[in-house]
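*Asks:* Just need the structure, nothing else, for what follows:
(4 chains, ligands or ions: 4)
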Amino acid sequence: MNNNNNTIVDLPDQATARIPQPNFISKENGLMSWLLTGDHKRIAILYLISITFFFFIGGALAGLIRLELLTPQADLMATDTYNKVFTMHGIIMIFLFLVPSVPATLGNFLIPMMIGAKDLALPKVNLLSWYLYMAGGILALYAMMTGGVDTGWTFTTPLSTHYVNTNVITTGFAIFVAGFSSIFTGLNFIVTIHKMRAPGMTWFRLPLFVWAHYAASILMVLGTPVLAIAIVLVMLERAFGIGVFDPAKGGDPLLFQHLFWFYSHPAVYIMILPGMGVISEVISTFSRKRVFGYTAVAFSSVAIAVFGFFVWAHHMFIMGISNYAVLVFSLLTMLVAVPSAIKIFNWAFTLYKGSITFETPMLYAFGFMGLFTIGGMTGVFLGASGTDIHLTETYFIVAHFHFVMVGGMLMAFLAGIHFWWPKITGRMYPEKISQLAAVVTFIGFNLTFFPQFILGVLGMPRRYASYPPEFQVLNVFSTAGATILGVGYLLPVLYLIWSLKYGAIAGNNPWQATGLEWQTQSPPLTENFTVMPVMDHEAYDYEWLESQKAKEVASAG
Amino acid sequence: MSHISPTIWQFLVKWLTNFALFPPEASKIAPQMDALFFFMVLVSLIGLTAVVLLVVSFSILYSKKRHPVAVQIEGSTLLEATWTIIPLGLFMVMFVWGALIYFRVYTPPANAMNIYVVGKQWMWKAEHPGGQHEINSLHVPVGHAVQLTLISEDVFHSFSIPAFRVKREAIPGRYTTVWFEATTPGTYHLFCTQYCGTEHSHMIGDVVVLSEEDYRKWLASSTSGNSLAQNGERLFASLSCAACHNARPDARGPSLANVYGSRLALSTGGTVIADDAYLRESILNPSQHITQGYAPIMPTYQGQVSEEGVIALVEYIRHLDSDYRVQQTTNTTDLLPESEGKAAPAAQAPARNGTVKP
Amino acid sequence: MSEQTKHAEHEHHIVGPMVYVAILLALLVGTALTVWASFLELGPWNPIIALAIATAKATLVVLFFMHVKYSTKLTKLTVVAGIFTFLILVSMTLADYISRAWGSW
Amino acid sequence: MPDNSAIVHGAQESATAANNANGANSAHPEQPSYLRHHFNSTEQQADTSNFAMWLFLLTEVMFFGGLFTAYLIYRNWYYPAFVAGSHQLNVIWGTLNTVVLIASSFTMAMGVWCAETRRRKGLVLSLTLTFVLGLCFLGIKSIEYREKFEKHHVPGAHYSLQSFVDPASDPEIFKEYHDKPLPLDMARHTEIYFSLYFAMTGMHALHMIIGIGILGFMIYRARAGAYTSGHVTFVENFGLYWHFVDIVWIYLFALLYLISRHQ
Ligand code: HEA
Ligand code: HEA
Ligand code: CUA
Ligand SMILES: [Cu+2]
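*Replies:* Ligands and ions are numbered 1, 2, ... in the order given. From the prediction side, this is the model:
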């Protein structure tokens, strides 16, 4: 047993420990065994590799954006190029990175294990969804190479339908295809969570990670098709001039935005809810305590999902929707913010009387809580119709959504990757350097995006390749921060790859966590469990864990 | 300081003189908006401090070193209710306060002077009633309510004046309005904030706030000779609108005098207030709303008049309540249109009821 | 005979052909009715009746052809959730369009 | 819990033959070979794919939902244009198609019943009928489409307003409805009607085409007895899809053909 007071890590004796064989990685070899797999864990790894690839492409584009904005003039690239760069940055980051980030990797890997199933309900659909994702991704890259697209990720009509000559149709089709990948992932999760739970795994014994994914999946299934039809209409408009979004023919361009945001607002919750699930697991594990107010946290996920469908028009406050609609949507936006606040405070109180340690996942989780609070509160600034007038379409929004998406979800993703890395690979990541990376990203992040709030208040519009000189100072800070941030993101890639070979053997349950996924070997077997698990305790029951360990010791000794 | 290289020094000086942290408050609404803004900042800071304080203090108090065994706690309905209700209450305050400001920004007072703004890729064209025409700049007098009626010729643009805290989308095919009252003479940024294609970031300009005197001078020096309504009259004649819209008893179309701001009965049974948007629709999509008692014979002028042309026509019809020439001269030279009594009908019109008096 | 071959007939209810024939007839009658109604001059009632009949037909299809009447609560809930979200999309979007016509405030 | 990891994916194919041999009276096979390795029982497997199918239909509802929203908005705005546009549709063809589709839904339902009660011939017959009726529907639809092409009522560069600004020039329709000529600006909006008409019926037809393709595959497999040995999930789920497509049409018929026959 370890007696170190600063960590809960409990590793097997490194001299004798081996990675258990067989496991899901060693079971079969060869590329085809990966490309044709039905194993949710292998698909998760396929996703992990592909989204990391797209993240770095998106990140490189972000680097270009920041370099261009170093000086007030459009000197690094033409405005046209700049427009293509931020459009592709947005599209790649959102549709090809953040939407599938936690769900398609960690969710895919863990949901069946957490509920005690052998696989997702529909393994082939799961694989299909990865292929759709790749098809969409490659198509998007193809569009980018062959001229790019410069509509902004929001595809605002009639700009996208009539006034640009770039690859709108190809990119639209890419998003359409990637969208179906996300629909199938969500569908698979819902079915799995409903139908594949192990005996004794009642709804209120599910880990909060599963609840969060359930809520996000509802949004994927019900929201994404509306995006699909909106994009189909844009493609038809471009190809045939059907006039539905064309003001010259009597169409209403705002209709497109209604359909687009009907998906894309819920999509922001698709992007945050799975991250919130990760945070619940991490905070609980590293404070050795059941999450404070389990039911409230579970239901707040569902509440976010349901209310999430009622607020989409807050992206259109000044766009010409009726003033009455503004009132209604502004009010509902305020309501949807409340469940997030509940979660934050519940997590904070989970720490109360805990026994806290500060491993990397926990550091990221703390980062999440602070940054998401800032990002979320500034969302409320935008949700209040009056202040939105001044702040909309400025860098304030850019800062808002990077705080929630990068400071929130990306931090949560990294927390989750570190947390479950030992489960996925069987090896630990190096703790010290990863703690350093967490701190570096936190600092870099704030330096990058906090100045953007000020820029926004000053009125600097978003999507500007050049800007008045008085905004330069803050932009330079922001660019400097982005460099640090880039390093912060490069580090994990390096040391995680390193750890694949040299990391310490982790054993089944290095964190002494309670989830079912920790009660089996790491990396797990293809079938996850040797015996069908029976859930006979509540979620996050650390006392059960202790008694379990005591039993093992007794039977071993 | 001497050991800093002069180039860097110059650079720093230039940098820091251009450095700003908060935009000027140059309109009447700006302080009100900022009050709400700072309220929100305050609430956010309190919220953030609360969260950080909880996290940090618990981390210290209950770190494994100090507190090796966790105490399992289920939750607390009372506490959870607290942090549901308090944020909800605060958010509701923000909602109501925000809605009030939204209401103010988008409800022009009755006596506001109207300037038309047309956005197109990639410039702003302002049409003053006196016929002054400017591109990528807007001259307005200090201390007068100015209403902008915006429209776009192509894609969405957004007319943003950060120093005034106002912004409104220019939409293709539809008028939108916003108003402000500048309080400090000076030159302020004008941005297009809605992404509108390649040169979006060059669709910028200046809003020049002039003292009354300077404004008068500016009006006089930059008029093109013809007022907007006069242009409208020309168009009215050349498009032979008068063939139907004349005051003769056998006229096929309704008389347009005094039509602006009145409530019209439609053939479908409803009524509608003839505002700018309605006049525009009547010219481009006449069959959309047929006035009671008339046949849908008016041809559409879509494709035959530019947005500026439509604006001129609308401006002309707006002023058809009396001899427009007389008004035009006053309009150009006088800053207070309502003092001539000419805005009075508009002020009584139902459309203007319920506006806030600033 | 078919009933016994299933392990769990309470779960998997097999709908017999007579029900299907009845529903087929009902749907055909519904179609005839709605076409007939469309030839009448009923003012605003025309669309209402047409949509009401369509909804009735759709309900029959969902309940019997698609077996929802005999399905689990979960399936019923799923159907309701779909209709609900669809209605949010339609009604909240239309709410904007309708209230736009009310004028600025 | 027996370890059935030996059964790998794709075991379904071999399942067919084995189950045929089992016949109808092997009511409780220890491990039906179509049972996928990660399920515990056939019921769980059937329930699961049934639920998954319903969720998929939800996404379809939302997909068509966007189109219906657009239709409702524009019909509100451009009522006369939508009326005139709708008069171009032939109620007789529409009714016929509705009947065809309802009949195909019926045959599909019968197919499900045949599968559940293990009637192989009945199943093949039902599926074939469904297949044929589906083709009939598409045939009729293409007749209607051709008519639109000939009259230049397909949105785009060649769109013609002739029938709307001068209804008398379109004697067949005029005889029936005696439409008044639409003013030019309103007539232009008929293009939006036809855009939505083509988008909605086109999406619907696309679903039919996909469905017919799957039907062909199913007929092939049904003849080999694949669905009449207890594993009926596929037929049932396809049935759900087919009925859903039917429901969409029921609404399309009402909205596009019927509700605007009177001004
Ligand atoms: C992960 C993504 C994500 C998340 C979670 C959110 C969350 C929220 N967002 Fe954000 N948003 C985006 C991504 C996201 N957003 C993106 C990408 C855009 C821009 C799209 C574009 O135009 O390109 C955008 C734009 C955007 C707008 C449109 C602005 C405009 O275009 O004019 C609005 C307006 O209402 C808004 C509001 C909100 C609100 C109210 C929340 C709420 O859910 C936040 C709730 C959270 C909290 C409130 C924090 C926790 C609270 C506390 C800890 C309590 C504090 C204490 C006290 C009050 C005492 N967002
Ligand atoms: C998940 C979502 C996500 C993420 C993670 C990011 C990450 C970042 N974004 Fe992004 N951003 C968006 C989503 C996201 N963004 C969206 C949706 C928009 C709106 C687009 C639109 O308006 O249409 C936007 C727009 C946007 C803008 C505004 C552009 C404009 O309006 O003009 C800016 C400007 O600073 C910016 C910066 C950054 C930076 C510095 C990062 C950093 O966090 C990135 C850090 C990562 C790296 C720096 C990579 C590190 C690695 C390398 C550098 C090595 C690369 C090497 C090889 C590939 C060989 N983003
Ligand atoms: Cu015009 Cu941006
Ligand atoms: Cu939103």
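*Asks:* Could you tell me which residues of the stretch 101-250 of chain D lie near chain A?
*Replies:* By C-beta under 8 Å from any C-beta of the partner chain, the part of the stretch 101-250 of chain D that sits against chain A consists of D:Pro155, D:Gly156, D:Ala157, D:Arg188, D:His189, D:Glu191, D:Ile192, D:Ser195, D:Leu196, D:Phe198, D:Ala199, D:Met203. Quick note: C-beta positions are derived from backbone N, CA and C, even for glycine.
*Asks:* Repeat the analysis, applying 7 Å as the threshold.
*Replies:* For the stretch 101-250 of chain D, the residues in contact with chain A under the definition C-beta under 7 Å from any C-beta of the partner chain are D:Pro155, D:Gly156, D:Arg188, D:His189, D:Glu191, D:Ile192, D:Ser195, D:Leu196, D:Ala199.
*Asks:* what's the spacing between the third one and A:Val234?
*Replies:* Distance from D:Arg188 to A:Val234, counting by C-beta to C-beta, to the nearest Å: 21 Å.
*Asks:* again, but for the first one
*Replies:* For D:Pro155, the distance to A:Val234 under the criterion C-beta to C-beta works out to 15 Å.
*Asks:* three-state assignment of the residue nearest to the spatial centre of chain B?
*Replies:* By C-alpha atoms, centre = their mean, the mean C-alpha position of chain B lies nearest to B:Val178, the distance being 2.2 Å. For B:Val178, the reduced secondary structure class is strand; criterion used: DSSP: H, G, I helix; E, B strand; the rest coil.
*Asks:* Name the nearest residue to it, sequence neighbours excluded.
*Replies:* If you skip the residues right next to it in sequence, B:Val178 has B:Arg168 as its closest partner in space, 3.7 Å away by C-beta to C-beta, 6 or more residues apart in numbering or on different chains.
*Asks:* that older thread, tell me the one of the residues of the stretch 101-250 of chain D next to chain A nearest chain A?
*Replies:* Within these, distances to chain A taken as C-beta to the nearest C-beta reach their minimum at D:Ser195, with 3.6 Å.
*Asks:* If I follow the layout properly, that closest one ends up in contact with A:Gly241?
*Replies:* No: counting by C-beta atoms under 7 Å, D:Ser195 stays clear of A:Gly241, with 8.9 Å between them.
*Asks:* who's more crowded, those two?
*Replies:* Set side by side, D:Ser195 and A:Gly241 show more neighbours around D:Ser195, with 28 against 19, by other C-beta atoms under 10 Å in any protein chain shown.
*Asks:* Work out for me the element the residue nearest to B:Val178 sits within.
*Replies:* Applying DSSP states H and E as the criterion places B:Arg168 in strand B:166-170.
*Asks:* Quick one: low-confidence residue ranges for chain B.
*Replies:* With pLDDT under 70 as the threshold, chain B has low-confidence stretches at B:1-3, B:15, B:18, B:247, B:321-358.
*Asks:* If you count contacts, what does whichever helix in it runs longest end up packed against?
*Replies:* Scanning chain B for the longest helix, with DSSP state H as the assignment, gives helix B:29-61. Helix B:29-61 makes packing contacts with helix A:323-350, helix A:360-383, helix A:385-391, helix B:77-105 when contacts are defined by 3 or more C-beta pairs under 7 Å, 6 or more residues apart in numbering or on different chains; DSSP states H and E.
*Asks:* Double-check that B:Thr187 belongs to a strand.
*Replies:* Yes: using three-state DSSP, the assignment for B:Thr187 is a strand.
*Asks:* Specify the beta-bridge partners of it.
*Replies:* On the basis of DSSP bridges, B:Thr187 takes part in beta bridges with B:Val208.
*Asks:* hang on, isn't the residue nearest to B:Val178 packed against B:Ser160?
*Replies:* No: contact between B:Arg168 and B:Ser160 fails when scored by C-beta under 7 Å: they sit 8.2 Å apart.
*Asks:* who in chain C is up against chain A?
*Replies:* Counting by C-beta under 7 Å from any C-beta, the residues of chain C close to chain A are C:74, C:85, C:88-89, C:92-93, C:95-96, C:99-100, C:102, C:104-105.
*Asks:* Give me the buried subset of those residues.
*Replies:* C:Thr85, C:Ile88, C:Leu89, C:Met92, C:Thr93, C:Ala95, C:Asp96, C:Ser99, C:Arg100, C:Ser104 (16 or more other C-beta atoms under 10 Å in any protein chain shown).
*Asks:* Does ligand 2 have contacts with stretch A:178-188?
*Replies:* No: applying C-beta under 6 Å from any ligand atom, one finds that stretch A:178-188 is not in contact with ligand 2, the shortest distance being 13.9 Å.
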